[in-house]
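Q: Give the three-dimensional model of this entry:
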Amino acid sequence: PFYHKIWQQSQTAQQEFVVVGDRVTRDLRPAKELGFWTVHVPYGRGALEITDEHVDFSLTDLRVFSTVLKTIECRVER
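A: Okay, the predicted model is just below:
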């Protein structure tokens, strides 16, 4: 419900949202169900969670996050 509320208030297309989280089930699954891009950062509580179809990208090195954003941008523009 939280992501849906933010999305409705922003009046922005789903494919322009990127949700980054450590927990697939709590952070990323709800976002993916709304059509948002999802990035799993397997640290903290989500370190042991296995990525699934609700995860578009998984990062173990945050220095490549800008590359992920560029990739998403290219895919959205198509």
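
Q: contacts, neighbours, all on C-alpha from now
A: Fine.

Q: Am I right that residue 76 sits in a helix?
A: Yes. Per DSSP: H, G, I helix; E, B strand; the rest coil, residue 76 lies within a helix segment.

Q: ok, now which ones touch the closest residue to it other than its chain neighbours?
A: Nearest residue to residue 76 in three dimensions, chain neighbours excluded: residue 15, at 6.6 Å (Cα to Cα, 6 or more residues apart in numbering). Residues counted as contacts of residue 15 (Cα atoms under 8 Å, 6 or more residues apart in numbering) are 35-37, 76.

Q: Show me which of those residues is closest to residue 20.
A: Closest approach to residue 20 among these (Cα to Cα): residue 37, at 8.6 Å.

Q: so how far is residue 52 from the closest residue to the closest one other than its chain neighbours?
A: Excluding the flanking residues, the one nearest residue 37 by Cα to Cα, 6+ apart is residue 18, at 4.6 Å. Distance of residue 18 to residue 52, given as Cα to Cα, to the nearest Å: 17 Å.

Q: Check residue 66 too.
A: As for residue 66, its distance to residue 52 is 22 Å (criterion: Cα to Cα).

Q: Same question for residue 33.
A: Distance from residue 33 to residue 52, counting by Cα to Cα: 13 Å.

Q: Report the central residue of this structure.
A: Nearest to the mean C-alpha position of the chain, by Cα atoms, centre = their mean, lies residue 38 at 1.7 Å.

Q: Tell me the secondary structure of that one, please.
A: Of the three states, residue 38 takes strand under three-state DSSP.

Q: I'd assumed residue 51 was in contact with it.
A: No. If you go by Cα atoms under 8 Å, residue 38 and residue 51 don't touch, sitting 10.6 Å apart.

Q: that older thread, between residue 18 and residue 52, tell me which one has more neighbours.
A: The neighbour comparison of residue 18 against residue 52 (other Cα atoms under 10 Å) goes to residue 18, with 18 against 12.

Q: show me the contacts for that one.
A: If you count contacts by Cα under 8 Å, 6+ apart, then residue 18 has 36-39 around it.
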